[in-house]
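Colleague: sequence plus predicted model, see below.
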Amino acid sequence: MSFAEPEKLTLIFDAENREEWQRTSYILERLAIRDDMTVADIGAGTGYFSNIFADQAQKVYAIDCEPNMVSYMQRRFQQSSHSNIDISQSTKTDPCLPNGVDLVFVANTYRFIRERTQFLNNLHAQVSPNAHIVFVDFKGEQAQVSPQMVVAEVEQAGFRVIDLDVSGCPDHYVLSFAKVS
């Protein structure tokens, strides 16, 4: 997938049929975001979830490692009524999490991370033991990284799995986990 043209990606990422192919409502229900929470959307892309989170959370960090996506989100949210979204760039191996994040959300991104061990080690170092982490990505035949592989990798990095939901979304799993304190 090319991230060079974010405007074209909005046709997929922000499409009206996203509820059908991903069940956004189900994912949001699982996240249980409160209005006093700080959420980090890692691999935020066009800002689809960040935009939704901004209506629910106190603060949202929309973070992406692709400069084109960061620029796109800066333009998108500059024209938005949301003043609680902070956009920043990460690296391919470092999520660059700010302090005080209650929820780390990574959707449709984990499979693109080549150096996942380094990414997870950096995530582990940056997240507090109280933070909740949720990965959403493809399962089944389209999965470049199977849900079972992800579970093994996060456990290896020092996290404990809270829940692996493989039935709530048509083509995606929802993995919830936290840092072992």
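Modeller: Received the coordinates, thanks.

Colleague: so which helix or strand takes in the residue nearest in space to the middle of the chain?
Modeller: The centroid of the chain falls nearest to Val106 when counting by CA atoms, centre = their mean (1.9 Å). For Val106, the host element (DSSP states H and E) is strand 103-107.

Colleague: that strand: what's the following helix or strand?
Modeller: Sequence order places helix 116-126 as the next helix or strand after strand 103-107, per DSSP H and E.

Colleague: rewinding a little: read off the pLDDT value for the residue nearest to the centre of the chain.
Modeller: If you check Val106, the pLDDT there is 98.

Colleague: quick revisit: partner strands of the strand holding Val106, parallel or antiparallel?
Modeller: strand 38-42 (parallel), strand 132-138 (parallel) (DSSP bridges).

Colleague: neighbours of the residue lying closest to Thr109 once chain neighbours are set aside, how many?
Modeller: Nearest residue to Thr109 in three dimensions, chain neighbours excluded: Gly43, at 2.8 Å (CB to CB, 6 or more residues apart in numbering). (C-beta placed from N, C-alpha, C; glycine too.) By other CB atoms under 10 Å, the residues close to Gly43 number 23.

Colleague: one more: Tyr48?
Modeller: Neighbours of Tyr48 (other CB under 10 Å): 23.

Colleague: next, give phi and psi for it.
Modeller: Main-chain torsions, Tyr48, degrees, to the nearest 10: phi -50, psi -60.

Colleague: any idea how far Arg160 is from it?
Modeller: 29 Å (CB to CB, to the nearest Å).

Colleague: next one: Phe49
Modeller: Using CB to CB, Phe49 is found at 24 Å from Arg160.

Colleague: and what of Gly45?
Modeller: Per CB to CB, Gly45 is found 28 Å from Arg160.

Colleague: more neighbours, the two?
Modeller: Gly45 (24 against 11).

Colleague: pretty sure the more buried one contacts Val70?
Modeller: No. Using CB atoms under 8 Å, Gly45 makes no contact with Val70, being 10.1 Å away.

Colleague: what is in contact with the two at once?
Modeller: Listed contacts common to Gly45 and Val70 are Asp64; contacts here mean CB atoms under 8 Å, 6 or more residues apart in numbering.

Colleague: related to what we said a few turns ago, a markdown table please, covering the strands paired with strand 103-107 and showing mean pLDDT, mean neighbour count and distance to Cys65.
Modeller: Formatted as a markdown table, the strands paired with strand 103-107 follow (pLDDT from 0 to 100; neighbours: other CB atoms under 10 Å; distance: least, CB to CB, whole Å):
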| stretch | mean pLDDT | mean neighbour count | distance to Cys65 |
| --- | --- | --- | --- |
| strand 38-42 | 98 | 26 | 9 |
| strand 132-138 | 96 | 23 | 16 |
